[in-house]
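Q: fold the following, please.
(one chain, ligands or ions: 2)
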Amino acid sequence: APVVRLVDYRPSDFLIDRVELDVRLHPSETRIKAILSIRPNPAGRADAPLILDGDELRLLDLAVDGTALPPDAFAATPQNLTLFDPPRAPFRLTIETVVDPSANTKLMGLYRSGGVYCTQCEAEGFRRITYFLDRPDVLSVYTTRIEAEAGEAPVLLGNGNPVAAGAIPGTSRHFAVWEDPHPKPAYLFAIVGGRLDRVAEPYRTADGRDAEIAVYVEPGKSERAAFALDALRRSMRWDERVFGRNYDLDVFNVVAVSDFNMGAMENKGLNIFNDKYVLASPQTATDTDYANIEAIIAHEYFHNWTGNRITCRDWFQLCLKEGLTVFRDQEFSADERSRAVQRIGDVRTLRARQFPEDAGPLSHPVRPTEYREINNFYTATVYEKGAEIIRMLKSHIGAADFARGMNLYFERCDGTAATVEEFLACFAEASGRDLSHFARWYAQAGTPRVVVSGTYDAGGRTYRLDLAQSTAPTPGQPLKEPVVIPVALGLVAEDGGRLDAHSPRVRDDGVFVLDRASDSILFSDVASRPVPSVFRGLSAPVRVALDLSDADLLTLLRHDTDPFNRWQAGQSLATRLLVRLAGVSRPDGAEAEGLAQALLAFLRGNAEADPAFAAQVLSLPSEAEIAQEIAADVDPDAIHRARKAVRAHVGGALRGELMRLRDALASSAPYSPDAASAGRRSLRNMALELIAAGDSGAGAGLVAAQYRDADNMTDRLAALAVNAGLPPSAEREALFQDFYDRYRAEPLVLDKWFAIQAAMPEDGTLERVLRLMNDPAFSITNPNRVRSLVGSFALNNATQFHRADGRGYAFLADMVVALDGTNPQVAARLLTAFGTWRTMSAERRQGAEAALRRVASKPDLSPDVSDIVHRSLG
Ligand code: B3K
Ligand code: ZN
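A: Ligands and ions are numbered 1, 2, ... in the order given. So this is what the prediction gives:
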C-alpha cells in the first residue's frame, strides 16, 4: 500500500452536501442506490476529475442528473469510480452498487453478525457500500431508506431520526426511513437490520429536548441490557453537567452484535457495540465487565460531541477525537467510582500497553505524520497517550482555563472537521498562553524519562530537587527535544507530619513545569529531611527514575497525601525487589519479608476503609512491567520465577490477615455491580490469590468452596483464575470442565474460560491452546473468540508466548497468516504482540525474527499485516 502523508493534505476537489440512500437488504445481494448531491469545492482544483473511493464494489448503474453517462465519460473498478470531466456546477450523481454481506468476513462495510445486518464504516468502510468521497472532511446530510424481509429483519435502524416506516404492499417486505439532520462524514454512517429485542426509556435533555434512548440486543437477552441503558443515561447527564453538552436527536440507539472487530463504534445516533460491552447479568459478567461497559457506553456517547459534531479533518488528527474522548470517559468513571482507583487502573493500562509500544518498533507520535494502513493507528499511543496529553493540558493551564478552552472549541469548531492546531488554539486563546512548545507532545514519539534527585541541607534548611528529562530515539526520530512536563509534587516529612516548604517555582496547586532538559527547584524553610513525592497522580506520561531508599518508599506508602503515590511507592518497592530477584537463578522468597511487612501494616490500617484501593496496593507489578524495567535480554521465565517466589512469600506472611479480611469482607447481600461492592470483592479475591500462592493446598480448598458457592460471575471466575495457577491435578481440570458444562450456551462466558487457560504459565499451555481451537465453542471467524484464546496467549502469557524454543512465536505467525485471508484487522492486531521482540534474550530474538520473516514472506499479505510486519522488522 502507498504511504499517505500529513504534509500532502489537500482539501477535496468536490463536496457532497446531501446523500439519499436506498438499501435493499438481502443476504448475498444487497443493492444500494445512492443519490449524491455534489458540487465543486471552491477550495479545490477547478479542473479536477471526480474520483470516488470504492472497495470490492460492483457498479450496476450510474447517472448524472438522471441521465446515463456515455461509457467513455467514466471508469469503474472495484476500487474507484472516476468521472473524467464532471459538471462544474452542482449536480446529482446516482450510483447503484451491489454487495454480499454474508461473504464479508472483514467485518468492514455491510456484513452479517448472527442473522443481523450491520455496518462498520470507520475508518474506510463506507466505500465498501457505495462509491464515495470517503474522507472525514466531506460532511453530508443523510436520508436513508432501508428495506428488508419483514420476517428476517423486523427492526430497521439508521442514523438520525425515524421519519417513516411501513409494509410494502403485496410483498413480505417492509421499509424504514431515517433522516440525520447533522452533517457528518461517511465513517459515521450506519444501518442495522435484524431480529432484536429492545429496552428503552425516555430522556429529557437539560436543554429540554425529549428523546428516547434504547439498547437493542439478541432476542431473549433484554434483561442483560439494563445496565448499559443505565450507564447511557448517567453518561448523558454527566456530559450535560460537566461539559455542558446536550444530546441533539430524538432517539439514541445502541445495538449489540456478536461479531465485531473492536469494542464499539460511535455512529451518529446509532452506536454499534461488540456485545461483550453491552450484555451483563450478575451470572455472566464480572465487575470488570460492568466497569468496561460503563466506560465504553460513555466513550461512544461522548463522541457525539468530540468526534461527531466536531470531527477530524483527516485521519492524522485521530487523537483529536480519540485522546479527548478517552480523557472524558476516564473522568466520567472517576466521578462515578473512585478517582484514585480509576487513575491507578488507567496508569496500569498506559504502562502495560502504551509504554511498550512507544519503546518498540511500532512507536509513533500521538499525531502520526504518515501511514500505510490507517486501521493500524487505533493504538494505545493515539488513545491512551492522547488522553494523557489532554490531562496534562488541563493541569498545565489550570481547570478554569481548560473549561473555557473546551467551550470555545465546542462553539468555534461545531459542525467542522478540525485539526489539533485548531483545538490547541482554543486553549491558547482561553488561557492567554503560548502552547507551541506544549504541542510537541503530539509530534514527538517516545516516553520521556525523568531523572529526579534530592539534596537536603540541614544547616541552611533547604532542599533541592534536580530534574532532568531525556527521550530515547524512536523510528524516524533520532533526535529528541525537551517537552513540557507538568510535575505535580509535594514533600512528605519522614515522620509523616506536615512540612511547610516553599519554592517560588512551584505553583499553589503543587505543580512545577519542567520544560527544558534539566532544571532544579530550591525549597526553603525545610525543617527536616523530606521525602519527595513527585509525579503525583502520574501527572505526565513519563518514566520516573527517583532513587529513594526502601525506608523513604515506606514513608510514602504510609503517609503520602496523594493516594496514587502511596500505591506507586508500594509498586516501586516491589519492582526493585522483583528486578533483583529476576537476576538470580534461584530467587529466595524470604527477601520479600520487608515488602510483606509493609503490606501487612498497610492492610491493617487501610483495608476495610478502602478495599478497592487496598487490592491495588496488594497487586504486584505484572511480568510485563518487570520486563520493561529490565528492558534488554529479557528472560520471561526468570521474571516469572521471581514473581512467583515473592507472591508465595507475601501470601504466606499475610495469610492470617488475608483470611480475616476474607471473612470481614464477605457479603450476604445479593450481587450489585456498584463500585463499593466491587471493591470488596476485588480485595477478597486478591486475598484468595495470595493465600493460594503461599499455600496451594489451602488455596485449592478455598477455590473449590468459592467456586461452588459463588452467586455471581466475579467470584466464580476469580476462583477459576486462581485454580489455573494451582499445580496440575485432576481436580484442577475438573473445575475447568465444570465451568464449561455450566456455560456451554454462553459464548461470552466461555471467552473468559478460553482466556484463563491460554494464559496458564506452564509448558503444556501451547498444546492446550491448540486443543481448545478444536472445541466447538471456538470459532476462527469471531473476533472475540480469537482474542480470548489466541490474543490472551500472545499478550497475557509471557513465559509461553516467548518460549525459548520459539514455538509460541511460530504458533502466532501461523495464526496471523491463517486469519489474514479472512479478517486482516484482527490478524494485524494479533501480530503487534511481537512488539517487544527486540528486548528479549538472544535465542528468543532469533525465534521471533524467524517467525516475523516467515509472515513477511507470504505472498498477497493484506496492507494491514504487511504494514505491521515490516515495521516490526524495521
Ligand atoms: N472510533 C471507533 C474505532 C474505530 C476503529 C476502526 N478501525 C471506536 C472508538 O474509539 O470509540
Ligand atoms: Zn473512540
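Q: which parts of the stretch 1-150 of the chain sit against ligand 1?
A: 122-123 (C-beta under 6 Å from any ligand atom). For every residue, glycine as well, the C-beta is placed using N, CA and C.
Q: per-residue confidence for Thr781?
A: In this model, Thr781 is scored at 98, pLDDT.
Q: should've said Gln330
A: 99.
Q: quick one: secondary structure of the residue nearest to it when sequence neighbours are not counted?
A: Distance criterion C-beta to C-beta, 6 or more residues apart in numbering; nearest residue to Gln330, sequence neighbours excluded, is Asp346 at 5.4 Å. Assigned by DSSP: H, G, I helix; E, B strand; the rest coil, the conformation of Asp346 is helix.
Q: how about Arg198?
A: strand.
Q: count of residues packed around the residue in the stretch 701-850 of the chain that ligand 1 sits nearest to?
A: Nearest residue of the stretch 701-850 of the chain to ligand 1, counting by C-beta to the nearest ligand atom: Gln825, 6.3 Å away. Neighbourhood size, Gln825 [other C-beta atoms under 10 Å]: 23.
Q: same deal with Asn159?
A: Here the count is done by other C-beta under 10 Å, and Asn159 has 24 residues near it.
Q: which residue sits closest to it in space, ignoring its chain neighbours?
A: Asp180 (4.1 Å).
Q: low-confidence bits of the stretch 251-400 of the chain, can you list those?
A: The stretch 251-400 of the chain contains no residues with pLDDT under 70.
Q: just the strands in it please.
A: Assigned by DSSP state E, counting those that start in this stretch, the strands in the stretch 251-400 of the chain fall at 251-257, 264-265, 270-274, 311-312, 370-371.
Q: now render these as JSON lines, adding distance to ligand 2 and mean neighbour count.
A: Output for the strands of the stretch 251-400 of the chain, formatted as JSON lines (distance: least, C-beta to the ion, whole Å; neighbours: other C-beta atoms under 10 Å):
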{"stretch": "strand 251-257", "distance to ligand 2": "15", "mean neighbour count": "24"}
{"stretch": "strand 264-265", "distance to ligand 2": "8", "mean neighbour count": "24"}
{"stretch": "strand 270-274", "distance to ligand 2": "11", "mean neighbour count": "25"}
{"stretch": "strand 311-312", "distance to ligand 2": "11", "mean neighbour count": "24"}
{"stretch": "strand 370-371", "distance to ligand 2": "18", "mean neighbour count": "16"}
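Q: present those strands as a markdown table; the columns should include distance to Ala598.
A: As requested, the strands of the stretch 251-400 of the chain are exported to a markdown table (distance: least, C-beta to C-beta, whole Å):
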| stretch | distance to Ala598 |
| --- | --- |
| strand 251-257 | 45 |
| strand 264-265 | 41 |
| strand 270-274 | 41 |
| strand 311-312 | 47 |
| strand 370-371 | 47 |
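Q: closest to Thr561 out of these?
A: Among the strands of the stretch 251-400 of the chain, strand 264-265 comes nearest to Thr561, with 37.3 Å by C-beta to C-beta.
Q: and that closest one, which strands flank it?
A: Strand 264-265 pairs in its sheet with strand 270-274 (antiparallel), by DSSP bridges.
Q: alpha carbons only: can I get stretch 294-307 in PDB?
A: Output of stretch 294-307 as PDB, limited to C-alpha atoms (Å, rounded to 0.1, in the frame of the first residue of the first chain):
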ATOM      1  CA  GLU A 294     -20.000   1.700  31.700                       C
ATOM      2  CA  ALA A 295     -16.800   3.200  30.300                       C
ATOM      3  CA  ILE A 296     -17.400   2.200  26.700                       C
ATOM      4  CA  ILE A 297     -21.000   3.300  26.700                       C
ATOM      5  CA  ALA A 298     -19.800   6.600  28.000                       C
ATOM      6  CA  HIS A 299     -16.900   6.800  25.500                       C
ATOM      7  CA  GLU A 300     -19.100   6.300  22.500                       C
ATOM      8  CA  TYR A 301     -21.800   8.600  23.800                       C
ATOM      9  CA  PHE A 302     -19.200  11.400  24.500                       C
ATOM     10  CA  HIS A 303     -18.100  11.000  20.800                       C
ATOM     11  CA  ASN A 304     -21.400  12.600  19.900                       C
ATOM     12  CA  TRP A 305     -19.700  16.000  20.600                       C
ATOM     13  CA  THR A 306     -16.000  15.100  20.500                       C
ATOM     14  CA  GLY A 307     -15.900  13.200  17.200                       C
END
